[in-house]
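S.K.: After the sequence you'll find the predicted model.
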Amino acid sequence: MKQNILIVDDDKDICITLSKILTSKGFIVTIAYNSDAAINEIKNTPIDLVLLDVWLEGSKKDGLELLK
C-alpha cells in the first residue's frame with residue numbers, strides 16, 4: 001500500500017520539488033501551503049508522514065503550533 005505524505009510549507013517551489021521527488025518514488029503526496037489547509041488535510045485524509053516547515057509565513061499558526 002502506498003504511503004501518504006503531507007508537505008506543509010509556504011514556499012511553493014519547495015513543495016513542488018519535494019512532491020515530484022516523492023511521487024517518483026511511489027508516494028502519494030498532498031501539499032498544504034498554510035496551517036488551515038494542513039489541518040483540513042489531516043482531518044480528511046489518512047497521513048503517514050508530515051514534512052512541516054517551522055515558519056509558515058502568512059499562516060494562522062506556525063509549524064511549531066501546528067505540530068502541537
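M.R.: It's in.
S.K.: Return the residues in contact with Leu52.
M.R.: Residues near Leu52 by CB atoms under 8 Å, 6 or more residues apart in numbering: Val8, Asp9, Ala38, Gly63, Leu66, Leu67. (Each C-beta comes from the backbone N, C-alpha and C, glycine too.)
S.K.: again, but for Leu64
M.R.: Val54.
S.K.: Surely it is in a helix?
M.R.: Yes - assessed by DSSP: H, G, I helix; E, B strand; the rest coil, Leu64 belongs to a helix.
S.K.: Share the number of residues neighbouring Ile5, please.
M.R.: For Ile5, the neighbour count with other CB atoms under 10 Å is 20.
S.K.: sec struct for it, please.
M.R.: Going by three-state DSSP: Ile5 is strand.
S.K.: Just list whatever residues bridge to it.
M.R.: Val29, Leu49 (DSSP bridges).
S.K.: what's near enough to touch it?
M.R.: Leu22, Phe27, Ile28, Val29, Thr30, Ile47, Asp48, Leu49, Val50, Leu51.
S.K.: No more questions from me, cheers.
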